[in-house]
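In: Got a sequence here, can you build the structure:
(one chain, ligands or ions: 1)
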Amino acid sequence: MSVNAPNDNVLELKGLKVRFDTYEGLVKALEGVNFNIKSKETFGIVGETGCGKSVTAKSIMRLISSPGKITDGEILFKRENNGVIDILELSDKEVREIRGDEISMIFQEPGEALNPVYTTGYQLKEAILSHQSNEFLKEIKNEIEREIEEEDSYIKKKLLNTQIKLIKRNIKKEDSRLTKYLSKIPLINGYKDKLSEKAKEKAINLLEDVELSEPEEIYKNYPHELSGGQKQRVIIAMALSSEPTLLTADEPTSSLDVSIQSKILSLLDELKEEHNLSILYITHNLGVVAQICDRVGVMYSGRIVEIANVNDIFENPLHPYTISLIEAIPSSEKEELNPIGGVVPNLVNPPSGCRFHPRCPRANERCKKKRPSLKELEKDHWVECYHSGDKDGELN
Ligand SMILES: Nc1ncnc2c1ncn2[C@@H]1O[C@H](COP(=O)(O)OP(=O)(O)OP(=O)(O)O)[C@@H](O)[C@H]1O
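Out: Prediction:
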């Protein structure tokens, strides 16, 4: 299904709601999330633990499983052919075609995403072949056709022609007994080695792209032989192997030490340019937001409460929650983090009206009764607060 939304957005979330049916009651995890990601930008989602960052990322990939359910909203995604689809309207098969292909993801724990039993090279090659084997098979077919033109031996020509027939069957994913049988005959399955060589070549290039020195060595290593930073670079290489349009990154550096974290962020920034990527970057760390994001959405208790360019968020925060988050950053390494007063709301019985009102220094009766809507108070600066922009008045 194609939806018309002609603009520069790669992704647009509209009114997304997610619920978890638990023994404690219905967890209202996302309560109408709205934001967009433009082509080739890094959009950050920042907020305290439990506010709904990961649930948002998982919803985009349709990875919310029982007891969770997406109950409302739209997730509009601009495909490589420029058609816009609502991910929530797709069949499971259609979603699988997009997930890990046009939309890739990297997660917090690099170790968990790699299989300890296989070498990194094998895993990377498999990832490449799962998306690109047809492209490689077509290249190999053309190469064999050129070989046939130069070949004098009748028998060799015959064998090469049989290889071409087999390649065509593989491109069409014909899984017949004949295909399986022919694929086992050494004289006509030479294309398999060529396919493997092409995937290896691409894997080594990707390992170079993610700036791993000695990529040939890394290719042969098992995951346990790599450091945390090296593993995360391999994961990024795997995520890029399908040449995605959108990369979702859920706290991918939080388990790494600070200097490696910073290098990975710089790498992602470079890769965004080289690979024409848009990135959704999820973090609870405003320092990370400052380093990597172009725009940011501040999330509180299942709502995006402020969206702005990264400079505006730091220099002119308008929502009282964003202001508290920024004030919580210690001004020197010696200083402790200043925690935000109050507690993160219970999502089974969330506060009425604006969910931040119990912790907000500016809350009044109106905030308790009715939730404000997200409004553009300054150019490209959206805020969901009755008091933002004017310390005394009520603008919204
Ligand atoms: N499988 C689940 N079952 C029940 N509730 C869930 C489940 N997954 C998430 N939730 C609820 O959804 C809310 C949002 O969770 P989410 O993982 O998105 O938070 P987060 O902002 O990513 O936090 P963190 O930074 O700690 O990862 C949580 O408060 C939790 O109550």
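In: got the residues of the stretch 201-350 of the chain near the ligand?
Out: Neighbours of the ligand within the stretch 201-350 of the chain, by Cβ under 6 Å from any ligand atom: 284, 347. Bear in mind the C-beta positions are built from the backbone N, C-alpha and C, glycine included.
In: need the contact list for residue 49.
Out: Neighbour list for residue 49: 284, 344 [criterion: Cβ atoms under 8 Å, 6 or more residues apart in numbering].
In: roughly how far apart are it and the ligand?
Out: 3 Å (Cβ to the nearest ligand atom, to the nearest Å).
In: For the residue nearest to the spatial centre of the chain, name its beta-bridge partners.
Out: Compute the mean C-alpha point of the chain, and by Cα atoms, centre = their mean the closest residue is residue 248, 1.2 Å away. Beta-bridge pairing of residue 248 under DSSP bridges involves residue 105, residue 280.
In: Is it in contact with residue 105, as I believe?
Out: Yes - Residue 248 is in contact with residue 105 according to Cβ atoms under 8 Å; the separation is 4.5 Å.
In: Alpha carbons only: can I get stretch 16-23 in CSV?
Out: Listed next in CSV are the C-alpha coordinates belonging to stretch 16-23 (Å, rounded to 0.1, in the frame of the first residue of the first chain):
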residue,chain,number,x,y,z
LEU,A,16,1.8,6.2,17.7
LYS,A,17,0.3,4.4,20.7
VAL,A,18,1.7,1.2,22.3
ARG,A,19,0.2,-0.8,25.1
PHE,A,20,1.5,-3.7,27.2
ASP,A,21,-1.1,-5.9,28.8
THR,A,22,0.5,-6.9,32.1
TYR,A,23,-0.6,-8.4,35.4
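In: tell me which residues of that stretch are tucked away?
Out: For stretch 16-23, burial by neighbour count (16 or more other Cβ atoms under 10 Å) applies to 16-20.
In: hang on, the earlier thing: now list whatever residues contact both of residue 248 and residue 105.
Out: By Cβ under 8 Å, 6+ apart, the residues touching both residue 248 and residue 105 are 57, 61.
In: How is the protein partitioned into domains?
Out: Using the TED database, the domain parsing of the chain gives 120-218, 298-383.
In: Tell me how far residue 232 lies from residue 241.
Out: According to Cβ to Cβ, to the nearest Å, residue 232 and residue 241 sit 15 Å apart.
In: mind listing what's buried in the longest helix seen in the chain?
Out: As assigned by DSSP state H, the longest helix anywhere in the chain is helix 120-150. Within helix 120-150, the residues that count as buried by 16+ other Cβ under 10 Å are 120-125, 127-129, 131-133, 136-137, 140-141, 144.
In: circling back to that earlier point, residue 232 and residue 241: which has the busier surroundings?
Out: More crowded of residue 232 and residue 241, by other Cβ atoms under 10 Å: residue 232, with 29 against 24.
In: List the contacts of the residue of the stretch 151-300 of the chain found nearest the ligand.
Out: Nearest residue of the stretch 151-300 of the chain to the ligand (Cβ to the nearest ligand atom) works out as residue 284 at 5.0 Å. Contacts for residue 284 (Cβ under 8 Å, 6+ apart) come out as 46-49, 53, 251.
In: what about residue 26, how many residues close to it?
Out: Using other Cβ under 10 Å, residue 26 has 15 neighbouring residues.
In: Is it in a helix, a strand, or coil?
Out: strand (DSSP: H, G, I helix; E, B strand; the rest coil).
In: what sits against it?
Out: Contacts of residue 26 (Cβ under 8 Å, 6+ apart): 19-20, 348.
In: Now do the strands in the stretch 1-150 of the chain.
Out: Using DSSP state E, counting those that start in this stretch, the strands of the stretch 1-150 of the chain run over 9-22, 25-38, 42-46, 68-78, 84-86, 103-106.
In: partners of the fourth one, with directions?
Out: For strand 68-78, the paired strands and their directions (DSSP bridges) are strand 9-22 (antiparallel), strand 84-86 (antiparallel).
In: Just send those back as CSV, with distance to the ligand too.
Out: Formatted as CSV, these follow (distance: least, Cβ to the nearest ligand atom, whole Å):
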stretch, distance to the ligand
strand 9-22, 4
strand 84-86, 21
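In: picking up where we left off before, what inclination does whichever helix or strand comes after the longest helix of the chain have with respect to helix 120-150?
Out: Using DSSP states H and E, the next helix or strand after helix 120-150 towards the C-terminus is helix 154-171. In terms of direction (axes from the mean of the first three to the mean of the last three Cα atoms, to 10 degrees), helix 154-171 departs from helix 120-150 by 130 degrees.
In: Put the alpha carbons of helix 154-171 into PDB.
Out: Taking C-alpha atoms only, helix 154-171 is exported to PDB below (Å, rounded to 0.1, in the frame of the first residue of the first chain):
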ATOM      1  CA  TYR A 154      32.600 -27.300 -27.200                       C
ATOM      2  CA  ILE A 155      32.400 -29.200 -23.900                       C
ATOM      3  CA  LYS A 156      33.500 -26.200 -21.800                       C
ATOM      4  CA  LYS A 157      31.000 -24.000 -23.600                       C
ATOM      5  CA  LYS A 158      28.300 -26.500 -22.800                       C
ATOM      6  CA  LEU A 159      29.300 -26.600 -19.100                       C
ATOM      7  CA  LEU A 160      29.400 -22.800 -18.900                       C
ATOM      8  CA  ASN A 161      25.900 -22.600 -20.400                       C
ATOM      9  CA  THR A 162      24.600 -25.100 -17.900                       C
ATOM     10  CA  GLN A 163      26.100 -22.800 -15.100                       C
ATOM     11  CA  ILE A 164      24.200 -19.900 -16.600                       C
ATOM     12  CA  LYS A 165      21.000 -21.900 -16.500                       C
ATOM     13  CA  LEU A 166      21.600 -22.800 -12.900                       C
ATOM     14  CA  ILE A 167      22.400 -19.200 -12.000                       C
ATOM     15  CA  LYS A 168      19.100 -18.100 -13.600                       C
ATOM     16  CA  ARG A 169      17.200 -20.700 -11.500                       C
ATOM     17  CA  ASN A 170      18.900 -19.300  -8.400                       C
ATOM     18  CA  ILE A 171      18.000 -15.800  -9.300                       C
END
